[in-house]
Every structure is written in structure tokens, then in C-alpha cells.
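1. the sequence and its predicted three-dimensional model are supplied below.
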Amino acid sequence: MWEVFLKNKGFSTLYFNVWDNDYTIDPMVSLMAQLLKLFKRGARKNNVKSVISTFGKIVLNVGKPLGKGIVKKFSGVDLDEVFDGLEDASDVAADELDNLGKQVLDRFSEEQKDVSAFKNALEYLVKTSVYEDISGEQALSKPIICFIDELDRCNPRYSVLVLERIKHIFSVPGIIFVLSVDKKQFGNAIRGYYGSDLIDADEYLRRFIDLDLNLPVISSDRFFDYLYRSFDIESLFSKRHDNDIRGEHDSFKVVGKLLLDRSNITLRQAEKMMSHIQIVLSSIPTNQHFTASVIAILAYLRSVNSTLYENLSKRLYSVQEMITELENEFKNFFSQRSTMKPLSGISRSQLLKSYVCIIHKDTTAKLKNF
């Protein structure tokens, strides 16, 4: 939505999904391919060629590990032969080490020059490019907005490499990067990449991020209503032959919103939960009675407490044991005030206990639908 809003304001934008591109060896190639799409029209061809040429040198040299094969290629020194049988590095011939050091330093210097040339060419391309705003009129370069998404989902090495490439290769005036990320999960990825729980992930990220903004927490009621509409749940009730079933969506909504409101379930988990519910409801014959709220509870347990769910499906509990287990699972759900009204004058705890009896009595067959 933000990207579309900016496009309507005449900005040039690109969207880079890291999760979709982490199969590539280096993210700078994918990023460059996306950037070049913005300069297909309006930009001077010579400027584009200059950027591509300097970028090619970076791809060939930057980021290669200084392994034994690279050292031998650039210096002619075979480290296996040099160090074979030596107990002290001081025994290595001084001229061989001098030659090795010179080659490594020369290569580093060339890489610095290549990166600097590329950034200068890219900055000039951004400055001299002409974009068309929404009215079709030409306007000199507004900042290019690059959205980087799903950093916290891909493998740690690749996500850290994305940050480093943005900072050291593509950080030029006129290009703004917007990172969409779950900082807690991404912090875990950073610590995993460096192999230490002592890494201060927040401090690490401050080296790359100039401005940090938090999205407001979404209303659980509104998100449930969104999922309810998106998966067209109401139509599944309206198609039922049993009139009693058609009213099930009221209790289903009460319990569903309660589950989202009082638990730590993530938005992604809630979406998957509703997807499972849709599949189950769709698979039940239109003339068969069921209790939708029970299905909502089971779908929730399947997502957050698979052990309890499996034990329920295998009938390992007596009724009292089941009540005890579910009361422990949902004990925090009824300890706070809620804006949701009780259904037909029945308290939520009474409602939950009645569902326990229904689950134990006749829901085993419906469990198979999961």
C-alpha cells in the first residue's frame, strides 16, 4: 500500500523480496537487476552502460573469500606447499610472504576503486535520470524508494549479506531503502550468523538503519473480521440446510476473536488457522450438524499446542481431565476485561466448558478433517 501511494505521488519505487531471492549466490546481483528496470526509459544510455560496466567488476572481485585457491591465483604462492611440515610461520621465506602480502593489498585496493567507481556512476545515473509523475509531466529525480521485505525469513547468511551490500555498495544519495522486518526474529538470525548469543543485535542494526519506526499493533477484532471476509467463512454457513447451523457464525466470531485477542498467536499463525478452518468447514456435508466454535478451538490448539490437540484427537482424557487441561490452556483468557459481549447471556467460561463436553462426545470424526 505504501509503495502504491508513493507511485501515485510520482516516486520511482522497487520491491525486493529477500525470501524469493535467497537462492542466488549474492543479493547485489538481484538488487542491481531490479534497479536497472527503473532506468529503461528517460535515462541516458551511456550512463546506464557505465553503471553496468563498473558493476561487472564488483561482481567478479568483491566478496570472494581469500581462500588458498584465490591466494595462489593472485600471488603464485601455494599455501599448502609453503606451510607443509613447518612448525613456525617464521620459517617461511620472507620474500614469499612479502609477495603474498603485496598481492592481497593490491587486490584490496582495486576492489575499493571498483566500488567507488560504481557508486559514483550509480549516483550520477540517479541524478540525471528523468521520471514521469502521475500526470505524465516530467520531473527531475525524486528519491528512489527501495522496499526490502522478508529479511527475517531467509537464511541468516543471506539476510546479513543483504544489509552489507545495501550499506557498502548501493548507499548513494537519491536512493532510500525501507526495510520491513521483525527485529526480534532478525536479531536471532544475526546472532545465529555470527555464532554467538552475546552479539548485541540492536547495536549491530544501528550501523545500517538511520531511522527506526514501529508499526502499531493491529486490532484483533479487525484482523479477525478481515480473515473472516478473506476466507468467505460466512458463505459456508449460509449454504447449510440446517437453520440452526446458519446462526453458528455468531458464536464462531465470539470465540474466534477471543482466541486472537487473548493469545500470543502471530498474524501469520492466525491466517493459517483460518485457512484450516475454511478447509474443515468446506469438507463437512451441508446436512450434517456441527459446532463451529469447537472447530475454531481445535484449530487454535493445533497451531499453539499440538500435544494437547493430539491427545484430544486420540481420546486420552476423561471429561474432567479434558476440562482441567483446557482450563490450564485458557486460564488467562478470562482474567481480563474484554470489549466483547457474552453470547446470549452465557459466560465465556461456561461456553468453553460446554464445548469440552461436545468435543468429547461427537467431534472425533471432525478431527480427521485436519
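-> Received the coordinates, thanks. Numbers count the residues shown, from 1 in each chain.
2. where in this protein is the helix or strand with the lowest mean pLDDT?
-> helix 68-75 (a mean of 42; mean pLDDT, DSSP states H and E).
3. can you give me the helices for the stretch 1-150 of the chain?
-> For the stretch 1-150 of the chain, applying DSSP state H, counting those that start in this stretch gives helices covering 2-8, 18-21, 27-37, 45-61, 68-75, 79-83, 94-128.
4. contact partners of the second one?
-> Translated: helix 18-21. Pro27, Ser30, Ile148, Asp149, Glu150, Leu151, Arg153, Cys154, Tyr158, Ser159, Val162 (Cβ atoms under 8 Å, 6 or more residues apart in numbering). For the C-beta atoms, the positions are set from N, CA and C on the backbone; glycine is no exception.
5. pull the number of nearby residues for Glu329.
-> Neighbours of Glu329 under the rule other Cβ atoms under 10 Å: 17.
6. how near is the nearest residue to Met32 once chain neighbours are set aside to Ser171?
-> Leaving out its chain neighbours, the residue that sits closest to Met32 by Cβ to Cβ, 6 or more residues apart in numbering is Phe55, at 5.7 Å. According to Cβ to Cβ, to the nearest Å, Phe55 and Ser171 sit 15 Å apart.
7. repeat for Arg207
-> 12 Å.
8. still on that earlier bit, ok, Phe55 and Ser171, which is more surrounded?
-> Between Phe55 and Ser171, counting by other Cβ under 10 Å, Phe55 is the more crowded of the two (23 against 15).
9. count the neighbours of Leu260 for me.
-> Leu260 has 22 nearby residues by other Cβ under 10 Å.
10. doesn't it lie inside a helix?
-> Yes - counting by DSSP: H, G, I helix; E, B strand; the rest coil, Leu260 is found in a helix.
11. give the contact list for the spatially closest residue to it that is not a sequence neighbour.
-> In this structure, Leu260 finds its nearest non-sequential neighbour in Ser220, 4.1 Å apart by Cβ to Cβ, 6+ apart. Residues near Ser220 by Cβ under 8 Å, 6+ apart: Lys257, Leu260, Asp261.
12. from memory the last one sits against Asp221, does it?
-> Yes - here Asp261 lies in contact with Asp221, judged by Cβ atoms under 8 Å, at a distance of 7.2 Å.
13. now tabulate the contacts of helix 18-21 in CSV and tack on neighbour count and pLDDT.
-> What follows is the contacts of helix 18-21, written out as CSV (neighbours: other Cβ atoms under 10 Å; pLDDT from 0 to 100):
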residue, neighbour count, pLDDT
Pro27, 23, 85
Ser30, 20, 84
Ile148, 21, 92
Asp149, 16, 91
Glu150, 17, 86
Leu151, 24, 85
Arg153, 18, 81
Cys154, 20, 82
Tyr158, 20, 86
Ser159, 25, 87
Val162, 25, 90
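14. nearest to Leu326 among those?
-> Arg153 (32.6 Å; Cβ to Cβ).
15. do you know how far the closest one is from Leu60?
-> Counting by Cβ to Cβ, the gap from Arg153 to Leu60 is 30 Å.
16. circling back: okay, Asp261 and Asp221: which has more neighbours?
-> Neighbours per residue (other Cβ under 10 Å) separate Asp261 from Asp221, with Asp261 holding more: 18 against 15.
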